[in-house]
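Colleague: what follows is a predicted protein model with its sequence.
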Amino acid sequence: MVGEWQRRDRLLIAARSAPSDKRNNVAEEALAARLTAIDARIAEIDRTLARNFPDYATLANPEPLEISEVQAQLRADEALVPFLVTGEQRPAPEETFLGLSPRPTTAGRELRPVPTTTSSPFAADWIADGGKVR
């Protein structure tokens with residue numbers, strides 16, 4: 001179902017990006033309606049799982065942690081380094097945001113951060129603003 005949603009979403013984006021003389025409003029509306037139906041079905045499944053299997057639902061879709069909760073779990077010589085794996089080869093935004101050297105990443109390959117500094121002013125501002133780790 002998720003695969004169908006992704007395929008139809010790509011088709012809808014392509015259809016809406018076409019020049020106006022080549023667009024097909026009926027096809028676009030059909031794609032949008034199917035995406036809405038899939039969204040509703042996925043939400044229904046999520047509600048059923050949360051109701052019937054609350055522990056699984058919490059495990060499968062955890063709430064974000066507060067920075068203070070993450071900090072409490074880290075020892076003095078540890079750091080949390082988040083990664084964004086997109087399947088495309090490009091630097092992950094979190095790497096540059098946290099003051100790490102951009103390193104091309106590709107889904108399925110080993111990820112290794114390359115620290116350039118021990119502290120980042122951007123990370124400090126983010127933590128001070130009460131950012132959340134997802």
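Modeller: Cool, the structure landed. Numbering: from 1, shown residues only.
Colleague: what does Glu78 show for phi and psi?
Modeller: Dihedral angles of Glu78 (phi, psi; degrees, to the nearest 10) stand at phi -120, psi 160.
Colleague: report the mean confidence score over the lengthiest helix in the chain.
Modeller: Longest helix in the chain, counting residues (DSSP state H): helix 25-52. Helix 25-52 carries an average pLDDT of 94.
Colleague: name the residues that touch the helix or strand just after that helix?
Modeller: Counting by DSSP states H and E, the element after helix 25-52 in chain order, helix or strand, is helix 54-60. Residues from elsewhere that reach helix 54-60 (Cβ atoms under 8 Å, 6 or more residues apart in numbering): 46, 49-50. In this view, the C-beta of every residue, glycine as well, is placed from N, C-alpha and C.
Colleague: enumerate the positions of helix 54-60 that are buried.
Modeller: Of the residues in helix 54-60, Ala57 count as buried by neighbour count, 16 or more other Cβ atoms under 10 Å.
Colleague: could you identify the helix or strand that succeeds it?
Modeller: strand 65-66.
Colleague: for that next one, packing partners?
Modeller: strand 132-133 (3 or more Cβ pairs under 8 Å, 6 or more residues apart in numbering; DSSP states H and E).
Colleague: got the phi/psi numbers for Arg80?
Modeller: Arg isn't right for residue 80; it's Leu. Dihedral angles for Leu80 - degrees, to the nearest 10 - are phi -100, psi 130.
Colleague: how about the contacts of helix 54-60 in TSV, adding neighbour count?
Modeller: Shown next, in TSV, are the contacts of helix 54-60 (neighbours: other Cβ atoms under 10 Å):
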residue	neighbour count
Asp46	13
Leu49	14
Ala50	14
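Colleague: next one: Asp55 from Gln71, what distance?
Modeller: 26 Å (Cβ to Cβ, to the nearest Å).
Colleague: contacting residues around Leu12?
Modeller: The contact partners of Leu12, by Cβ under 8 Å, 6+ apart, come to 28, 31-32, 35.
Colleague: what is the nearest of those to Ala79?
Modeller: Looking at those and their distance to Ala79, the nearest is Leu35, at 39.6 Å (Cβ to Cβ).
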